[in-house]
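Chemist: predicted model follows, preceded by the sequence.
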Amino acid sequence: MAGRIIREMDELRFGRAVKVLRGRRGWRQRDLAQRCGLSRSVVSRIEIGQVERIAFGDLQMIGRALDGRVGLDFWWRGDSLDRLLDEEHAAVVDQLVAIFVEAKWEVIVEASFSIYGERGSIDVFAWHPVVQMVAVNEVKATVPEAGATVIGVDRKSRLASKIAAERGWRCRGVARFLVVRDGSTARRRIAEHAETFGAAFPVSSRESLDWIRDPSKQPVSGLIFLPDSRPAGSKQRIVARKRVRVPALAGERTLPDSDGG
(Lines give C-alpha, C1' and ligand atoms only; values in the text may rest on other atoms or scores of the structure.)
Protein backbone atom coordinates (compact mmCIF):
# COMPACT_ATOMS: atom_id res chain seq x y z
CA MET A 1 0.00 0.00 0.00
CA ALA A 2 2.80 2.40 0.93
CA GLY A 3 4.52 1.81 -2.40
CA ARG A 4 1.30 2.61 -4.24
CA ILE A 5 0.84 5.85 -2.27
CA ILE A 6 4.41 6.96 -2.98
CA ARG A 7 4.02 6.21 -6.67
CA GLU A 8 0.78 8.18 -6.92
CA MET A 9 2.31 11.11 -5.03
CA ASP A 10 5.28 11.15 -7.44
CA GLU A 11 2.98 11.08 -10.45
CA LEU A 12 0.91 13.96 -9.08
CA ARG A 13 4.04 15.95 -8.30
CA PHE A 14 5.38 15.32 -11.80
CA GLY A 15 2.11 16.54 -13.31
CA ARG A 16 2.06 19.65 -11.14
CA ALA A 17 5.66 20.43 -12.09
CA VAL A 18 4.83 20.20 -15.81
CA LYS A 19 1.81 22.46 -15.38
CA VAL A 20 3.69 25.09 -13.36
CA LEU A 21 6.70 25.20 -15.69
CA ARG A 22 4.45 25.35 -18.74
CA GLY A 23 2.57 28.25 -17.16
CA ARG A 24 5.80 30.13 -16.43
CA ARG A 25 6.50 30.14 -20.15
CA GLY A 26 3.02 31.30 -21.01
CA TRP A 27 2.39 28.15 -23.02
CA ARG A 28 -0.94 26.46 -23.52
CA GLN A 29 -1.13 22.69 -23.31
CA ARG A 30 -1.33 22.73 -27.10
CA ASP A 31 1.91 24.73 -27.34
CA LEU A 32 3.83 22.23 -25.20
CA ALA A 33 2.31 19.31 -27.10
CA GLN A 34 3.40 20.72 -30.46
CA ARG A 35 6.98 21.21 -29.25
CA CYS A 36 7.10 17.55 -28.21
CA GLY A 37 5.20 16.06 -31.13
CA LEU A 38 2.43 14.87 -28.80
CA SER A 39 -1.29 15.46 -28.61
CA ARG A 40 -2.82 18.01 -26.26
CA SER A 41 -4.74 15.22 -24.53
CA VAL A 42 -1.45 13.50 -23.59
CA VAL A 43 -0.18 16.70 -21.98
CA SER A 44 -3.48 17.07 -20.16
CA ARG A 45 -3.25 13.52 -18.77
CA ILE A 46 0.33 14.10 -17.65
CA GLU A 47 -0.60 17.26 -15.78
CA ILE A 48 -3.22 15.45 -13.71
CA GLY A 49 -0.82 12.62 -12.90
CA GLN A 50 -2.16 9.98 -15.30
CA VAL A 51 1.20 8.82 -16.69
CA GLU A 52 0.99 5.02 -16.37
CA ARG A 53 0.31 4.40 -20.08
CA ILE A 54 2.51 7.19 -21.40
CA ALA A 55 5.88 6.17 -22.83
CA PHE A 56 8.88 7.12 -20.74
CA GLY A 57 10.46 8.67 -23.83
CA ASP A 58 7.48 11.03 -24.15
CA LEU A 59 7.92 12.09 -20.52
CA GLN A 60 11.59 12.79 -21.24
CA MET A 61 10.63 14.97 -24.21
CA ILE A 62 8.26 16.94 -21.98
CA GLY A 63 11.08 17.44 -19.48
CA ARG A 64 13.55 18.62 -22.11
CA ALA A 65 11.00 21.04 -23.62
CA LEU A 66 10.66 22.63 -20.18
CA ASP A 67 14.44 22.79 -19.72
CA GLY A 68 14.38 19.97 -17.19
CA ARG A 69 15.48 16.36 -16.98
CA VAL A 70 13.34 13.31 -16.27
CA GLY A 71 15.16 10.52 -14.44
CA LEU A 72 14.40 6.91 -13.68
CA ASP A 73 14.90 5.39 -10.25
CA PHE A 74 14.34 2.02 -8.60
CA TRP A 75 13.21 1.14 -5.06
CA TRP A 76 13.61 -2.37 -3.66
CA ARG A 77 12.92 -3.61 -0.13
CA GLY A 78 13.36 -0.29 1.61
CA ASP A 79 17.07 0.60 1.68
CA SER A 80 18.25 -2.90 0.73
CA LEU A 81 19.06 -1.82 -2.81
CA ASP A 82 21.24 1.04 -1.55
CA ARG A 83 23.18 -1.40 0.62
CA LEU A 84 23.63 -3.78 -2.31
CA LEU A 85 24.84 -0.99 -4.60
CA ASP A 86 27.17 0.28 -1.88
CA GLU A 87 28.64 -3.21 -1.58
CA GLU A 88 29.32 -3.38 -5.31
CA HIS A 89 30.84 0.10 -5.25
CA ALA A 90 33.07 -0.84 -2.30
CA ALA A 91 34.31 -3.94 -4.11
CA VAL A 92 35.43 -1.83 -7.10
CA VAL A 93 37.05 0.70 -4.75
CA ASP A 94 39.00 -2.00 -2.93
CA GLN A 95 40.21 -3.52 -6.18
CA LEU A 96 41.36 -0.12 -7.44
CA VAL A 97 43.11 0.67 -4.15
CA ALA A 98 45.03 -2.60 -4.41
CA ILE A 99 46.24 -1.61 -7.89
CA PHE A 100 47.52 1.76 -6.67
CA VAL A 101 49.13 0.35 -3.54
CA GLU A 102 50.93 -2.32 -5.55
CA ALA A 103 52.31 0.47 -7.77
CA LYS A 104 53.70 2.29 -4.67
CA TRP A 105 51.09 5.05 -4.46
CA GLU A 106 49.75 6.44 -1.20
CA VAL A 107 45.97 6.31 -1.14
CA ILE A 108 43.06 7.91 0.69
CA VAL A 109 39.56 6.54 0.23
CA GLU A 110 36.66 8.99 0.42
CA ALA A 111 38.95 12.00 0.65
CA SER A 112 36.70 14.84 1.79
CA PHE A 113 37.38 18.48 0.91
CA SER A 114 36.00 21.96 1.48
CA ILE A 115 37.75 24.60 -0.60
CA TYR A 116 36.41 28.05 -1.45
CA GLY A 117 32.92 26.90 -0.48
CA GLU A 118 33.10 23.82 -2.73
CA ARG A 119 32.55 20.61 -0.78
CA GLY A 120 32.59 16.96 -1.63
CA SER A 121 34.76 13.86 -1.58
CA ILE A 122 36.97 11.92 -3.96
CA ASP A 123 36.29 8.18 -4.05
CA VAL A 124 39.98 7.27 -4.34
CA PHE A 125 42.62 9.99 -4.06
CA ALA A 126 46.18 8.82 -4.74
CA TRP A 127 49.66 10.34 -4.68
CA HIS A 128 52.93 8.93 -5.97
CA PRO A 129 55.70 10.19 -3.65
CA VAL A 130 58.52 9.68 -6.17
CA VAL A 131 57.12 11.43 -9.25
CA GLN A 132 54.71 13.56 -7.17
CA MET A 133 51.69 12.91 -9.34
CA VAL A 134 48.14 12.96 -8.02
CA ALA A 135 45.29 10.79 -9.32
CA VAL A 136 41.60 11.64 -8.93
CA ASN A 137 39.45 8.53 -9.25
CA GLU A 138 35.67 8.57 -9.63
CA VAL A 139 34.36 5.04 -8.99
CA LYS A 140 30.98 3.79 -10.23
CA ALA A 141 29.40 0.37 -9.81
CA THR A 142 27.06 1.27 -12.67
CA VAL A 143 27.56 3.68 -15.56
CA PRO A 144 26.31 7.10 -14.46
CA GLU A 145 24.68 9.96 -16.34
CA ALA A 146 27.42 11.21 -18.64
CA GLY A 147 27.17 14.98 -18.32
CA ALA A 148 26.88 15.13 -14.53
CA THR A 149 29.77 12.68 -14.10
CA VAL A 150 32.13 14.65 -16.34
CA ILE A 151 31.26 17.91 -14.55
CA GLY A 152 31.90 16.28 -11.17
CA VAL A 153 35.29 14.88 -12.19
CA ASP A 154 36.26 18.21 -13.77
CA ARG A 155 35.49 20.01 -10.51
CA LYS A 156 37.47 17.58 -8.35
CA SER A 157 40.40 17.58 -10.76
CA ARG A 158 40.47 21.39 -10.75
CA LEU A 159 40.73 21.38 -6.95
CA ALA A 160 43.07 18.37 -6.75
CA SER A 161 46.33 20.27 -6.27
CA LYS A 162 44.86 22.22 -3.35
CA ILE A 163 43.34 19.07 -1.84
CA ALA A 164 46.76 17.43 -2.14
CA ALA A 165 48.51 20.41 -0.53
CA GLU A 166 46.20 20.15 2.49
CA ARG A 167 47.55 16.64 3.00
CA GLY A 168 51.17 17.62 2.58
CA TRP A 169 51.40 16.16 -0.93
CA ARG A 170 53.47 18.08 -3.45
CA CYS A 171 51.64 17.95 -6.79
CA ARG A 172 53.41 18.21 -10.15
CA GLY A 173 50.43 17.00 -12.17
CA VAL A 174 46.89 15.62 -11.90
CA ALA A 175 45.62 12.47 -13.59
CA ARG A 176 41.93 11.60 -13.60
CA PHE A 177 40.12 8.33 -14.05
CA LEU A 178 36.53 7.19 -14.27
CA VAL A 179 36.54 3.64 -12.91
CA VAL A 180 33.55 1.44 -13.74
CA ARG A 181 32.65 -2.13 -12.84
CA ASP A 182 33.03 -4.07 -16.09
CA GLY A 183 30.16 -5.83 -17.81
CA SER A 184 28.18 -5.88 -21.04
CA THR A 185 25.65 -3.36 -19.72
CA ALA A 186 28.36 -0.94 -18.63
CA ARG A 187 30.14 -1.14 -21.98
CA ARG A 188 26.88 -0.68 -23.88
CA ARG A 189 25.99 2.44 -21.88
CA ILE A 190 29.47 3.85 -22.37
CA ALA A 191 29.09 3.23 -26.11
CA GLU A 192 25.75 5.05 -26.13
CA HIS A 193 27.54 8.17 -24.88
CA ALA A 194 30.82 7.51 -26.64
CA GLU A 195 31.41 11.13 -27.68
CA THR A 196 30.98 12.55 -24.18
CA PHE A 197 32.95 9.88 -22.35
CA GLY A 198 35.55 9.68 -25.13
CA ALA A 199 36.22 13.42 -25.03
CA ALA A 200 36.48 13.50 -21.24
CA PHE A 201 38.40 10.22 -20.78
CA PRO A 202 40.26 9.52 -24.04
CA VAL A 203 42.82 7.06 -22.66
CA SER A 204 41.89 3.37 -22.73
CA SER A 205 41.59 1.11 -19.71
CA ARG A 206 44.83 -0.74 -20.46
CA GLU A 207 46.80 2.47 -21.06
CA SER A 208 45.39 3.98 -17.87
CA LEU A 209 46.49 0.98 -15.82
CA ASP A 210 49.91 1.10 -17.45
CA TRP A 211 50.23 4.77 -16.49
CA ILE A 212 49.32 4.02 -12.86
CA ARG A 213 52.15 1.47 -12.77
CA ASP A 214 54.56 3.98 -14.36
CA PRO A 215 53.38 7.57 -13.76
CA SER A 216 56.62 9.17 -14.91
CA LYS A 217 54.94 10.37 -18.11
CA GLN A 218 52.48 13.24 -18.51
CA PRO A 219 49.26 12.73 -16.50
CA VAL A 220 46.37 11.20 -18.40
CA SER A 221 42.58 11.14 -18.30
CA GLY A 222 41.20 7.65 -18.78
CA LEU A 223 38.29 5.27 -18.41
CA ILE A 224 39.09 2.07 -16.48
CA PHE A 225 36.96 -1.07 -16.49
CA LEU A 226 37.50 -3.39 -13.52
CA PRO A 227 35.88 -6.83 -13.30
CA ASP A 228 33.74 -7.77 -10.30
CA SER A 229 36.28 -9.76 -8.32
CA ARG A 230 33.88 -10.89 -5.59
CA PRO A 231 33.13 -14.64 -5.40
CA ALA A 232 29.63 -15.49 -6.57
CA GLY A 233 27.17 -14.90 -3.76
CA SER A 234 29.81 -13.41 -1.51
CA LYS A 235 29.25 -10.16 0.33
CA GLN A 236 32.73 -9.93 1.78
CA ARG A 237 34.84 -6.92 1.01
CA ILE A 238 38.25 -7.16 -0.66
CA VAL A 239 40.81 -5.42 1.56
CA ALA A 240 44.13 -4.02 0.36
CA ARG A 241 47.22 -5.22 2.25
CA LYS A 242 49.39 -2.18 2.91
CA ARG A 243 48.99 0.78 5.20
CA VAL A 244 48.48 4.20 3.72
CA ARG A 245 51.15 6.40 5.27
CA VAL A 246 49.04 9.59 5.22
CA PRO A 247 46.79 10.04 8.29
CA ALA A 248 43.11 9.96 7.40
CA LEU A 249 40.99 13.03 7.93
CA ALA A 250 37.41 12.94 9.16
CA GLY A 251 35.31 10.70 6.94
CA GLU A 252 38.32 9.05 5.32
CA ARG A 253 39.23 5.37 5.31
CA THR A 254 42.77 3.90 5.36
CA LEU A 255 44.20 0.49 4.73
CA PRO A 256 45.59 -2.17 7.11
CA ASP A 257 49.17 -3.48 7.14
CA SER A 258 49.92 -6.66 5.26
CA ASP A 259 50.78 -8.40 8.55
CA GLY A 260 47.39 -7.50 9.96
CA GLY A 261 48.84 -5.00 12.45
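Modeler: That came in fine, so what should we check first?
Chemist: now the stretch of helix or strand residue 156 belongs to: mean pLDDT?
Modeler: For residue 156, the element it lies in under DSSP states H and E is helix 146-166. Average pLDDT, helix 146-166: 92.
Chemist: gap between that helix and the chain center?
Modeler: 12 Å (Cα atoms, centre = their mean, to the nearest Å).
Chemist: quick one: the helix or strand just after that helix to helix 146-166, angle?
Modeler: As assigned by DSSP H and E, the chain's next helix or strand after helix 146-166 is strand 173-181. Angle, strand 173-181 to helix 146-166, by axes from the mean of the first three to the mean of the last three Cα atoms, to 10 degrees: 130 degrees.
Chemist: which helices and strands sit right next to the following helix or strand past strand 173-181?
Modeler: As assigned by DSSP H and E, the chain's next helix or strand after strand 173-181 is helix 184-192. Contact here means 3 or more Cβ pairs under 8 Å, 6 or more residues apart in numbering; DSSP states H and E; on that basis helix 184-192 packs against strand 221-226. C-beta: built from backbone N, CA, C; applies to glycine.
Chemist: for the strand it packs on, name the packing helices and strands.
Modeler: Using 3+ Cβ pairs under 8 Å, 6+ apart: strand 221-226 touches helix 80-102, strand 173-181, helix 184-192, helix 205-213.
Chemist: report the buried residues of the helix holding residue 156.
Modeler: Within helix 146-166, the residues scored as buried using 16 or more other Cβ atoms under 10 Å are 146, 149, 150, 153, 156, 157, 159, 160, 163, 164.
Chemist: from those residues, which is closest to residue 202?
Modeler: Using Cβ to Cβ, residue 150 comes nearest to residue 202 of the buried residues of helix 146-166, at 12.2 Å.
Chemist: where in the protein is pLDDT low?
Modeler: Low-confidence segments of the chain, defined by pLDDT under 70: 1-9, 72-85, 229-261.
Chemist: okay, now the domains of it?
Modeler: 2-65, 80-226 (automatic domain parsing).
Chemist: and of those domains, who's closest to residue 71?
Modeler: Nearest of those (Cβ to Cβ): domain 80-226, 8.0 Å.
Chemist: closest one to residue 225 out of the buried residues of helix 146-166, please.
Modeler: residue 149 (14.9 Å).
Chemist: now residue 28: how far from residue 44?
Modeler: Using Cβ to Cβ, to the nearest Å, we find residue 28 at a distance of 11 Å from residue 44.
Chemist: can you verify residue 119 is assigned to a helix?
Modeler: No: counting by DSSP: H, G, I helix; E, B strand; the rest coil, residue 119 falls outside a helix, being strand.
Chemist: I'd say it and residue 159 touch.
Modeler: No: using Cβ atoms under 8 Å, residue 119 makes no contact with residue 159, being 10.2 Å away.
Chemist: if we can go back for a sec, the more surrounded of residue 28 and residue 44?
Modeler: More crowded of residue 28 and residue 44, by other Cβ atoms under 10 Å: residue 44, with 15 against 12.
Chemist: which among the buried residues of helix 146-166 gets closest to residue 36?
Modeler: Closest to residue 36, out of all of the buried residues of helix 146-166 and judged by Cβ to Cβ, is residue 146, at 22.6 Å.
Chemist: nothing else from me, thank you.
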